[in-house]
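Engineer: Provided below for reference: sequence and predicted model.
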Amino acid sequence: MLYEIEVPTRGRFEILDITDRVQRKVYESKVKHGIAVVFTHHTTTGLMINEFEPGLIEDFKTKMKELIPKGAGYSHDRIDSNAHAHLRASLLLNPEVVVPIDQAELHLGTWQRILFVELDGPRHRHVYVMVCPCPEFPEE
């Protein structure tokens, strides 16, 4: 079952917690045991699983800017001046995360959250959630 989540972003570089929205899609699917594959098909966005704590989010953004600064003479900037966003997404993030489902709940660690990272906003983005049942556990 494939579900779509709309993610409008307001900032140029923004990190949003989408965990609750993904969990709602798992509930809608009625899958009790399986996996949720969460995917963004935008080349200047990414996903990660981590703690959504303001200090950590600020540290992550600062480090990304330090490692891959905007306007550092990238060849792709000739096209639309967003090479830094493409490089950050490609080198530091994933377009997907996979989370086990147990008893219809995302099986994340205590502080783990599914985070959507916008690197070239603001934009209207889409995230897709594929919920797959585990064949070893027939759905009731």
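Structural biologist: Received it, and whenever you're ready, just let me know what you need. Numbering: from 1, shown residues only.
Engineer: I'd like the distance from the helix ranked longest in the chain to the chain centre, please.
Structural biologist: Criterion DSSP state H: the longest helix present in the chain is helix 54-67. Here helix 54-67 is found 16 Å from its chain centre; the criterion is Cα atoms, centre = their mean, to the nearest Å.
Engineer: Let me see the residues that make contact with the very next helix or strand once past it.
Structural biologist: Using DSSP states H and E, the helix or strand that follows helix 54-67 towards the C-terminus is helix 77-80. For helix 77-80, the external contacting residues (Cβ atoms under 8 Å, 6 or more residues apart in numbering) are 71, 83. The C-beta positions use only the backbone N, C-alpha and C, and glycine is treated the same way.
Engineer: Please pull up the helix or strand immediately following helix 77-80.
Structural biologist: Next along from helix 77-80, by DSSP H and E: helix 83-92.
Engineer: Does anything pack onto that next one? Which helices or strands?
Structural biologist: strand 45-50, helix 54-67 (3 or more Cβ pairs under 8 Å, 6 or more residues apart in numbering; DSSP states H and E).
Engineer: try 10 Å
Structural biologist: Packing contacts for helix 83-92, counted by 3 or more Cβ pairs under 10 Å, 6 or more residues apart in numbering; DSSP states H and E, involve strand 45-50, helix 54-67, helix 77-80, strand 113-118.
Engineer: Pretty sure Gly46 sits against Val117.
Structural biologist: Yes - if you go by Cβ atoms under 10 Å, Gly46 and Val117 touch, sitting 4.6 Å apart.
Engineer: Give the residues shared as contacts by these two.
Structural biologist: Applying Cβ atoms under 10 Å, 6 or more residues apart in numbering, one finds that Gly46 and Val117 are jointly contacted by 15, 40, 85, 88-89, 92-94.
Engineer: Can you tell me which of those residues is nearest Gly121?
Structural biologist: Ala85 (9.1 Å; Cβ to Cβ).
Engineer: packing partners for the longest strand along the chain?
Structural biologist: If you go by DSSP state E, the chain has its longest strand at strand 124-133. Packed against strand 124-133 by the contact rule (3+ Cβ pairs under 10 Å, 6+ apart) you find strand 2-8, helix 19-29, strand 33-40, strand 45-50, strand 96-102, strand 113-118.
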